[in-house]
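*Asks:* quick one, structure for this:
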Amino acid sequence: MSDMRGTTICCVSRNGQTAIAGDGQVTLGDTVIKHGARKVRTIRDGAIVTGFAGSTADAMNLFERFEAKLDEHGGSLTRAAVALAKDWRTDRYLRKLEAMMIVADAERMLMISGNGDVLEPDGAVTAIGSGGAYARAAAIALSQHTKMSAEEVVREAMNIAANICIYTNTEIRVETVSGGQS
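*Replies:* Numbers count the residues shown, from 1 in each chain. Below is the predicted model of the structure:
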């Protein structure tokens with residue numbers, strides 16, 4: 001069976017709003033098998049936005065585990081992310097998961113990887129997945145040279161990435177949370 005690929009997730013925090021966007025394309029080898037996959041969502045009654053890149057089944061598992069970690073750590077985004085990354089790196093089953101996550105609340109955004117990394121970007125932009133570098137570059141430029149909202153920036157950055165990356169489409173879903181970095 002061929003590798004399943006195809007995701008771009010971009011997160012921007014600007015002027016009190018944090019927005020995360022994901023495309024909908026899923027490919028199997030060189031064939032698009034789904035156009036409208038849902039790769040971003042809100043959790044904790046809309047207080048946290050999340051997005052994943054990688055295997056869909058692995059990502060669903062990580063969403064559930066991350067929510068459980070939030071419950072364990074009183075809703076603390078950072079503590080939950082660190083606990084998940086630790087489990088992900090040390091647990092024999094979790095180590096085999098092929099995915100990355102971006103999680104953000106009103107105060108911070110974090111990228112979580114299976115290598116045990118929990119990274120907070122220097123600026124207010126981060127991105128992951130096949131088209132992540134394209135979306136990140138576009139989002140940085142848009143943030144620096146326009147007055148667009150965080151939601152507008154991620155939408156346009158995702159459209160730019162979709163015009164460059166063959167694993168990214170324009171079926172874009174955006175979720176937001178207010179009160180973020182400027």
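
*Asks:* which residues does stretch 20-37 contact?
*Replies:* 1-11, 38-40, 49-52, 56, 102, 104, 131, 135, 154-155, 157-158, 161-162, 167-176 (CB atoms under 8 Å, 6 or more residues apart in numbering). In this view, the C-beta of every residue, glycine as well, is placed from N, C-alpha and C.

*Asks:* mind listing what the helix or strand harbouring residue 9 pairs with, with the direction of each?
*Replies:* For residue 9, the host element (DSSP states H and E) is strand 8-14. Using DSSP bridges, strand 8-14 pairs in its sheet with strand 17-22 (antiparallel), strand 125-129 (antiparallel).

*Asks:* which stretch among the ones you listed comes nearest residue 45?
*Replies:* Distance to residue 45, taken as CB to CB, is lowest for strand 17-22 among these, at 15.4 Å.

*Asks:* flag the shaky bits of the chain, pLDDT-wise.
*Replies:* For the chain, applying pLDDT under 70 flags the ranges 1-6, 92-97, 180-182.

*Asks:* please enumerate the helices of it.
*Replies:* Shown for the chain, the helices assigned by DSSP state H span residues 56-72, 77-90, 132-145, 150-162.

*Asks:* thought residue 140 was touching residue 121?
*Replies:* No: in this structure residue 140 lies outside contact range of residue 121 using CB atoms under 8 Å: 10.1 Å.

*Asks:* contact partners for the residue nearest the centre of the chain?
*Replies:* Nearest residue to the geometric centre of the chain (CA atoms, centre = their mean): residue 51, 3.1 Å. The contact partners of residue 51, by CB under 8 Å, 6+ apart, come to 9, 11, 20, 21, 22, 39, 40, 41, 101, 102, 128.

*Asks:* ok, residue 127 next?
*Replies:* Residue 127 makes contacts with 8, 9, 10, 11, 102, 133, 135, 136, 139, 157, as judged by CB under 8 Å, 6+ apart.

*Asks:* cool, and residue 162?
*Replies:* By CB under 8 Å, 6+ apart, the neighbours of residue 162 are 8, 23, 131, 168, 169, 170, 172.

*Asks:* mind listing what's buried along stretch 82-102?
*Replies:* Across stretch 82-102, burial judged by 16 or more other CB atoms under 10 Å covers 82, 83, 84, 85, 87, 88, 94, 97, 99, 100, 101, 102.

*Asks:* distance between it and the chain's centre?
*Replies:* 15 Å (CA atoms, centre = their mean, to the nearest Å).

*Asks:* now the end-to-end length of it.
*Replies:* This stretch, stretch 82-102, spans 13 Å end to end (CA to CA, to the nearest Å).
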